[in-house]
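In: Sequence plus the predicted model coming up.
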Amino acid sequence: MGSLFKQIYRYTRPRAYRHNENLWPFTRITRAPSGEISALRYKGKTVPLVSLSALKNSMQGEVLLTATGPSTRNIDFSLLSKTIPVMGVNGAWHLADRLHFSLYTIVDMEFFDKKPDIIRAIVSQPDILLFTTMHGIAKIVDRYGDALRCRLALIEDGCYKIYQPKVASEAIKRTYQQNAAMCFHPQRPDICFSTDIRQGIFDAGTVVYWALQILAWLGFNTILVSGLDMTNFNQPRFYETQQEKLPSYLATKVDTLVMPSFAHAAQVLQQRQIRVINFPQKALCRILSSKRLRLMSTLKVSNFARQGYSIVFPLFLFSARFFACPPGPIICCIYRSCCYCCRWYARKTARRWPGCYASSGRPGRCWRLSLSITPSVMCGAVRRSILTRRSPTACI
């Protein structure tokens, strides 16, 4: 019967409505004046939804966003504060034994089809708020209705809204340019970042881009990102083996869509005083390495200091490990001063230490540390990165 309704819908509507063909006539929606779907009936049953309007600025402080790149294996999450909210995406649920997820985002329909055990585990958790699309909710109700315990927040792709025509990529700016909540890339009219998810969320080839728009709407001012790897796409995700690896399509989009979109997101978030700290070295460092974030100070540590010739550096590592101790901020300031002195001495004498960015002005084989002024972030992000020998970088 579903196939019959699908054919009826397909041939009685313009092609621009094709993305709704699997939903009609089972889905009945009511839109609020704000644009969000406020009420949903699916196959004759009411599906409770969390109001997106009520979620606006409902949270604050720091949040951890866990992606699924291979670098996740090298992060020690036990050092994370137990009170920090955590948002997972897709297969990040494999970290459930180490992290307590309170937020989750899944928008990949292939993931719904290929990972039913993960979906069932997520939707059965009453303390999780799951952000997904109407197609995702339909799959959840059809397949896991008996296990559904989580709260659902219905989000929409701004180009594929329910029972509205598709918006082609070349028409995105023309469609939304009068909407002040939509922030467009200055050179790419097909790239947009939504600051009001009730009006729609825009895709950039990765669920993390969706998650950033959601977290900004929720009101967080510091977003810690782990597992966002933009290289080695042929490697399995941290929870996969080579044999069971799901395909990744990022390699075909990384230069043309993903990188420009994240660079644009960085500008929008910076303007809104939202700080994003990405853990892995392999992620998007090359996008924002030249951008100065007002709340961050990037220090480059030379091989000279790294090899043990500096007395301050070991003290800094020790105090950062136990940052709650009073000497921590003092050692941090002393180390910062030493870096500036090294830079001044190099310019004065025209000497260039190999691999030291601070003295040569060129990228070298350095260990990058991004030190935040905020003590809580310093205690969390920097201390964890030092112990895992990873460098949190002021980029997404």
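Out: Structure's in. What do you need?
In: Quick check: buried residues in stretch 159-174?
Out: Buried residues in stretch 159-174, defined by neighbour count with 16 or more other Cβ atoms under 10 Å: Cys159, Tyr160, Lys161, Ile162, Tyr163, Pro165, Lys166, Val167, Ile172, Lys173. Just so you know, the C-beta spots here come from the backbone N, C-alpha and C atoms, and that holds for glycine as well.
In: how about those, which pair is most distant?
Out: Greatest spacing in the buried residues of stretch 159-174, by Cβ to Cβ: Tyr163 and Lys173 (22.8 Å).
In: now, which of the buried residues of stretch 159-174 sits nearest Ala147?
Out: The nearest one, if we look at those relative to Ala147 and count by Cβ to Cβ, is Ile162, at 24.4 Å.
In: The closest one contacts Ile137, correct?
Out: No - Ile162 is beyond contact range of Ile137, at 10.5 Å (criterion: Cβ atoms under 8 Å).
In: still on that earlier bit, could you tell me which of the buried residues of stretch 159-174 belong to helices?
Out: Applying DSSP state H to the buried residues of stretch 159-174, the entries found in helices are Ile172, Lys173.
In: any idea which of the buried residues of stretch 159-174 is the one closest to Leu99?
Out: Nearest to Leu99 among the buried residues of stretch 159-174, with distances taken as Cβ to Cβ, is Tyr160, at 30.9 Å.
In: how close does that closest one get to Thr30?
Out: Distance, Tyr160 to Thr30, by Cβ to Cβ, to the nearest Å: 19 Å.
In: can you check Ser58 too?
Out: 22 Å.
In: same question, Thr252
Out: From Thr252 over to Thr30 (counting by Cβ to Cβ), the distance is 38 Å.
In: List the buried residues of stretch 56-64.
Out: Under 16+ other Cβ under 10 Å, the buried positions of stretch 56-64 are Met59, Glu62, Val63, Leu64.
In: Output the helix or strand harbouring the last one as CSV - backbone C-alpha positions only.
Out: Right, Leu64. Per DSSP states H and E, Leu64 falls inside strand 62-66. Provided in CSV are the C-alpha atoms of strand 62-66 (Å, rounded to 0.1, in the frame of the first residue of the first chain):
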residue,chain,number,x,y,z
GLU,A,62,30.8,24.1,27.8
VAL,A,63,29.6,21.1,25.8
LEU,A,64,31.5,18.2,24.3
LEU,A,65,30.7,17.2,20.7
THR,A,66,31.9,13.7,19.9
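In: quick one: strands adjacent to it?
Out: strand 86-89 (parallel), strand 222-226 (parallel) (DSSP bridges).
In: just checking, what packs against the helix or strand that the last one is followed by?
Out: In this case it means strand 222-226. Next helix or strand after strand 222-226 toward the C-terminus (DSSP H and E): helix 259-271. For helix 259-271, the elements it packs on are strand 192-194, helix 207-218, strand 275-278, helix 285-288, judged by 3 or more Cβ pairs under 8 Å, 6 or more residues apart in numbering; DSSP states H and E.
In: mind redoing it with 6 Å?
Out: Identification of packing neighbours for helix 259-271 by 3 or more Cβ pairs under 6 Å, 6 or more residues apart in numbering; DSSP states H and E yields strand 192-194, helix 285-288.
In: Fine by me, thanks again.
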